[in-house]
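Asks: need a structure here:
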Amino acid sequence: MRTIRVETSAATILLTEAPEPKVRDRQTGEVAKDAVSGESLMTLGVVYIEEGESSLIKVTVPESGVSDGLALGAPVSLPGLAARPWESVFNGQQRHGIAYRAAAVTPAEFPTAMGATA
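Replies: Residues are numbered from 1 along each chain as shown. Next comes the predicted model:
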């Protein structure tokens, strides 16, 4: 499936769930690894706000891309954010969705209101 880059410059992204290891196999607790680098992967939750609309999404990042100083409810940056459609059959049922992946998650600043003065 094709990977689609997500332009985030006009969005506000707030951290809603702290990064935690991405589990590949729930029965064994095996942590998911990047197919190319072999690095452990982490997942985190964010609310993505743009043009008055918001979406809660889960994002996967490599463990080395998780910056210090992240705080729940605070703005974050997701450099290299990409979306990839997926589909599979699980227990005989067709499932589909969009997987989000970024190169990193770093603290960011709240956008300045347009027309605001200091």
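Asks: lowest-pLDDT helix or strand in this structure?
Replies: strand 23-25 (a mean of 89; mean pLDDT, DSSP states H and E).
Asks: so what strands line up beside that strand?
Replies: Applying DSSP bridges to the sheet, strand 23-25 is found paired with strand 30-31 (antiparallel).
Asks: how many neighbouring residues does P62 have?
Replies: 17 (other CB atoms under 10 Å). (Each C-beta comes from the backbone N, C-alpha and C, glycine too.)
Asks: ok, it touching S37?
Replies: Yes. P62 is in contact with S37 according to CB atoms under 8 Å; the separation is 7.1 Å.
Asks: what is the neighbour count of K33?
Replies: Neighbour count of K33, defined by other CB under 10 Å: 15.
Asks: the residue sitting nearest the centre point of the chain and A103: what is the separation?
Replies: By CA atoms, centre = their mean, the chain has its centre lying nearest to V59, at 2.1 Å. With distances taken as CB to CB, to the nearest Å, V59 is found 11 Å from A103.
Asks: please apply the same query to G80.
Replies: As judged by CB to CB, G80 and A103 stand 3 Å apart.
Asks: same deal with A18?
Replies: Distance check for A18 against A103: by CB to CB, it reads 19 Å.
Asks: next: D25.
Replies: From D25 to A103 the distance is 25 Å (CB to CB).
Asks: so between those two, which is more surrounded?
Replies: Comparing D25 with A103 by neighbour count (other CB under 10 Å), the higher total belongs to A103, at 14 against 9.
Asks: that one touches S67, doesn't it?
Replies: No. Contact criterion CB under 8 Å: A103 and S67 do not qualify, at 11.3 Å.
Asks: quick one: residues contacting R101.
Replies: By CB atoms under 8 Å, 6 or more residues apart in numbering, the contact list for R101 reads V59, T60, V61, G80, L81, A82, R84.
Asks: what mean pLDDT does stretch 79-96 get?
Replies: On average, the pLDDT along stretch 79-96 is 92.
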